[in-house]
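**Q** Would you be able to build a 3D model of this:
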Amino acid sequence: MKENFSMRTHYGVLMKKFMVKNKRIVILGADTFGGTHVKFASEEFPRRSINFGISEQNMMAAAAGLASTNKIPIVNTYGMFASMRALEMLRTAICLNNANVKIVSSHCGLDVGQDGPTHQIIEDISILRSIPNLKILTPMDKYELHSQLDWMIKYNGPVYLRTIRRK
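**A** This next block holds a predicted model:
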C-alpha cells in the first residue's frame with residue numbers, strides 16, 4: 001500500500017526521533033510548529049523547543065547564539081520567511097560566522113495550499129546560493145529526507161533544507 005503523507009509530516013516524525021538520539025538539538029519556530037509539523041517533537045521536548053512568535057529575524061539571531069553554546073539549533077519556518085524576511089540575520093549572524101545552524105523550510109514552491117501567494121517562494125534557492133558557507137538540500141522523497149536530515153545534523157555549519165507542503 002502506498003503511503004500518503006506529506007514530506008513535512010515525515011519531517012516532524014523524524015525530528016522527534018533525532019531529538020531522542022541527540023540531546024544537543026533545539027528546535028526553534030516562528031508560530032510555525034504546526035505548519036512545519038514539528039509540534040510532535042515540541043510536545044515531547046518542550047524544554048528544547050522555542051517559539052519566537054512572528055519574529056523570524058530574532059529567531060535566526062538566537063539560533064546563532066545557541067550554536068555558539070554547542071547546541072544544534074534547527075530553525076523551522078516557511079521558505080518565504082527564511083530566505084526573505086530573515087535574510088540579513090541568516091547571512092550575517094549565521095552564514096558569515098559559519099555557525100552550526102540548520103534551517104528547515106516548509107511551503108517551498110507554489111504549492112502552499114490556503115496560505116496563498118504571500119507564502120509562496122520560488123526564488124529561495126537563487127537567493128541563498130549567493131550566501132557564503134550555506135549548504136542547500138532539497139530532498140525528493142521521504143527516503144532522501146531521512147538521509148539528508150541525518151547528514152545535516154552531523155555536518156558542522158549552516159544548512160538550509162527545503163520541504164514541501166503537499167502529500
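
**Q** Could you list the buried residues of the strand or helix carrying residue 149?
**A** With secondary structure defined by DSSP states H and E, residue 149 is part of helix 142-154. Applying a neighbour-count criterion of 16 or more other C-beta atoms under 10 Å, the buried positions in helix 142-154 are 142, 145, 146, 148, 149, 152, 153. Where C-beta positions appear, they are placed from N, C-alpha and C, glycine not excepted.

**Q** can I get those residues in CSV with pLDDT?
**A** Formatted as CSV, these follow (pLDDT from 0 to 100):
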residue, pLDDT
142, 87
145, 93
146, 94
148, 96
149, 96
152, 97
153, 97
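
**Q** helix, strand or coil for the residue nearest to residue 93 when sequence neighbours are not counted?
**A** Nearest in space to residue 93, with sequence neighbours left out and distances taken as C-beta to C-beta, 6 or more residues apart in numbering, is residue 64 at 4.0 Å. When the structure is split into helix, strand and coil by DSSP: H, G, I helix; E, B strand; the rest coil, residue 64 lands in helix.
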